[in-house]
Each structure stands twice: as structure tokens, then as C-alpha cells.
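>>> Take a look and give me a structure for this.
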Amino acid sequence: MVSAMLRIRISEADVHYGGGLVDGAHVVKYFGDVATELLIRHDGDEGLFAAYDLIEFAGPVYAGDYLEIRGWIDRVGKTSRHMQFEAFKVIANAGIESHPSACNVLSEPVLVTRASGTCVVPLHLQRGRQDLDSDQTGGVE
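Down below sits the predicted model:
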């Protein structure tokens, strides 16, 4: 299985709502970055994101939080790649007004967003394709 992971810190510049809350679309943007890495690793090309078929927002993200964004290819077609994504909060802003840089390392990662979607890599751009196990291929075309 081809997989990838990013670790990022959410900054004050990422805040969209009051109270330091970040909009969910910001996390979805990171899923696109993971998808690009997955396609490069699998096909040697960035490909194009065709569609999300699921996006679930499971918890809030605030400035000062640290996230792990994980993704993997779960099905491979002739030109399509279906992917799964998860974003976990691993360090949380402690929310201490008198000490805004205080953070808490979480004992267990907390799921904040999950999604799945399909990307496409045209045949003529595929280089060094690494097919998945036969029980995980197909079904996306």
C-alpha cells in the first residue's frame, strides 16, 4: 500500500473564525498535498484530483494545534487512484489566555477530519507504476 503523512502546525494566520478556530477547508487543502505525494510515489506524476466522495469534520482545529495528515491509496484503476485521508490532532493548544503558546501533547491522537476521493493520472504520464495487491485494485474506473 502506498501511503504518506504530513505533520503541520496550525498558525494564527490560518484562523478563519473567532476564538482561533480554523475552517475545515484548511485541513482539506492538506489532503490535496498528501494526494500529490501519493501520486508522485505511485506514478511519478502529480496527477489531478477529480472528486471527493466523502468529507467528515469530526472535531475542531485551533491555532497552535499540531496535526498529522495521513493518506493512502486503497484502490487503483487504469488511470484513477482512490484514496483515504485522515487528519489527527497530536498536540493541542492549551487555550491558556495568560500563556497563549502553551500546548498539550495528547496521549492519543484525536481524529479531526476524514475524507476519501479519486485522483487521475493519464496513462502517458504514468512512470514506474507500483500496483497494489490484486485484492485492492480496480473498481474505480
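>>> CA atoms for contacts and neighbours, from now on please.
OK.
>>> what sits against Phe31?
Ile69, Arg70, Gly71, Phe85 (CA atoms under 8 Å, 6 or more residues apart in numbering).
>>> Which members of those occur in helices, if any?
Assignment to helices by DSSP state H places none of the contacts of Phe31 there.
>>> Which of those are buried? Put it as a PyMOL command.
To isolate the buried ones among the contacts of Phe31 in PyMOL, judged by 16 or more other CA atoms under 10 Å, type:
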select buried, resi 69+70+71+85
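>>> could you dump the contacts of Phe31 to a markdown table with pLDDT and distance to Arg7?
As requested, the contacts of Phe31 are exported to a markdown table (pLDDT from 0 to 100; distance: CA to CA, whole Å):
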| residue | pLDDT | distance to Arg7 |
| --- | --- | --- |
| Ile69 | 98 | 6 |
| Arg70 | 98 | 9 |
| Gly71 | 98 | 12 |
| Phe85 | 98 | 13 |
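>>> what's the closest of the contacts of Phe31 to Leu38?
Distance ranking of the contacts of Phe31 against Leu38, using CA to CA, places Gly71 first at 7.7 Å.
>>> centroid residue for this structure?
Nearest to the mean C-alpha position of the chain, by CA atoms, centre = their mean, lies Phe31 at 2.9 Å.
>>> did I read that right, it in a strand?
No: counting by DSSP: H, G, I helix; E, B strand; the rest coil, Phe31 falls outside a strand, being helix.
>>> That'll do, ta.
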